[in-house]
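>>> Provide a 3D model corresponding to the input given below.
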Amino acid sequence: MIVLQIATYVLFAIFVVAFTAKIFKYAKMPIHLRWELYPLAGETKRPWGGSYLEEPDWEKKPPDKKNFIGEMTFMGKEIIFFKEYFHRNRGLWYIVFPFHVGIFLYVTFFALLFVGALTLIGDISVAAESSNIWGLLIYYVTLVVGVAALIFGAIACLALFVRKLVDPEMSTYTRRIEYFNIFFVLAMFVTGLLAWGIADPGFETARAFMKSLITFSSVGSMDAIIVVHVILLALLLAYLPFTNVMHFFAKHF
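Sure, this is the predicted structure:
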């Protein structure tokens with residue numbers, strides 16, 4: 001367990017350092033040209049695209065003002081609901097949307113485990129039989145979000161993997177590394193489902209392991225499938241900044 005904890009610290013540190021390096025790399029790169037982004041999000045006068053440079057005597061007029069709320073709304077619809085997929089490729093949207101919902105829920109689940117670990121450190125029970133309302137709330141919300149994340153993620157990830165294999169329009173331009181990436185994420189979700197179903201139905205062990213990472217303390221033995229899931233998750237985190245999965249973050253730029 002000590003080796004597992006040290007490996008988790010190291011792999012998470014790699015994720016943080018590499019992710020931060022990518023932030024600085026993207027921030028220093030040249031900005032997009034206008035025609036690469038049409039229609040320009042947040043421009044109130046030209047929702048169809050275009051440019052103020054097309055107007056006569058444009059140099060005598062002030063540039064268009066940008067609407068920050070409009071920009072954030074546009075980004076939000078794309079990041080959360082995948083609006084363009086919905087309108088342009090509805091069949092793929094039925095796979096891509098739940099896949100990303102699974103990922104979003106898993107990130108939320110991870111955060112809830114962290115909150116639950118802090119709650120345990122505060123000497124508050126996090127369990128179905130807890131007499132503390134906060135402990136009870138954290139337990140059930142973590143349970144629902146965690147199970148939903150694993151189910152959505154596993155099913156949609158498998159569907160995406162199969163779709164890329166059998167759809168000739170996708171298989172022709174899907175690189176082998178992308179199949180590997182999807183399979184990697186699928187393995188993480190499937191082992192998580194098995195860990196929940198076989199060894200940790202209430203995520204008590206997961207919460208205890210998170211607590212041990214925060215407090216730098218020892219943790220009891222864990223079932224093998226939970227150990228496999230933790231290793232895959234930590235490896236996936238360290239690997240993410242070096243893949244095109246970084247598109248979730250690059251949307252801002």
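>>> what about the helices in the stretch 1-150 of the chain?
In the stretch 1-150 of the chain, the helices defined using DSSP state H, counting those that start in this stretch lie at 2-28, 34-37, 68-76, 83-88, 90-121, 133-166.
>>> pull the residues that contact stretch 69-86.
Outside stretch 69-86, the residues within contact range by Cβ atoms under 8 Å, 6 or more residues apart in numbering are 41-44, 92-93, 96-97, 100, 104, 248, 251-252. For glycine as for every other residue, the C-beta is placed from the backbone atoms N, C-alpha and C.
>>> kindly check the end-to-end length of that stretch for me.
In stretch 69-86, first residue to last residue: 22 Å (Cα to Cα, to the nearest Å).
>>> and for stretch 27-43?
This stretch, stretch 27-43, spans 22 Å end to end (Cα to Cα).
>>> show the average pLDDT along that stretch.
Per-residue pLDDT over stretch 27-43 has a mean of 77.
>>> sorry, back to before: most neighbours among the contacts of stretch 69-86, which one?
Most neighbours among the contacts of stretch 69-86, by other Cβ atoms under 10 Å: Glu43, with 22 neighbours.
>>> buried ones in stretch 62-77?
64, 74 (16 or more other Cβ atoms under 10 Å).
>>> what's the distance between it and the middle of its chain?
Chain-centre distance of stretch 62-77: 24 Å, with Cα atoms, centre = their mean, to the nearest Å.
>>> that one - what's its average pLDDT?
Here the average pLDDT along stretch 62-77 is 78.
>>> and the contacts of the lowest-mean-pLDDT helix or strand in the chain?
Across the helices and strands of the chain, mean pLDDT, DSSP states H and E gives its lowest value to helix 34-37, namely a mean of 72. Residues outside helix 34-37 that contact it (Cβ under 8 Å, 6+ apart): 40, 51.
>>> send me that helix as PDB with only the CA atoms.
The C-alpha coordinates for helix 34-37 follow below in PDB (Å, rounded to 0.1, in the frame of the first residue of the first chain):
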ATOM      1  CA  ARG A  34     -10.500  35.600 -37.300                       C
ATOM      2  CA  TRP A  35     -11.400  33.400 -40.300                       C
ATOM      3  CA  GLU A  36     -10.400  30.300 -38.300                       C
ATOM      4  CA  LEU A  37     -13.100  31.000 -35.700                       C
END
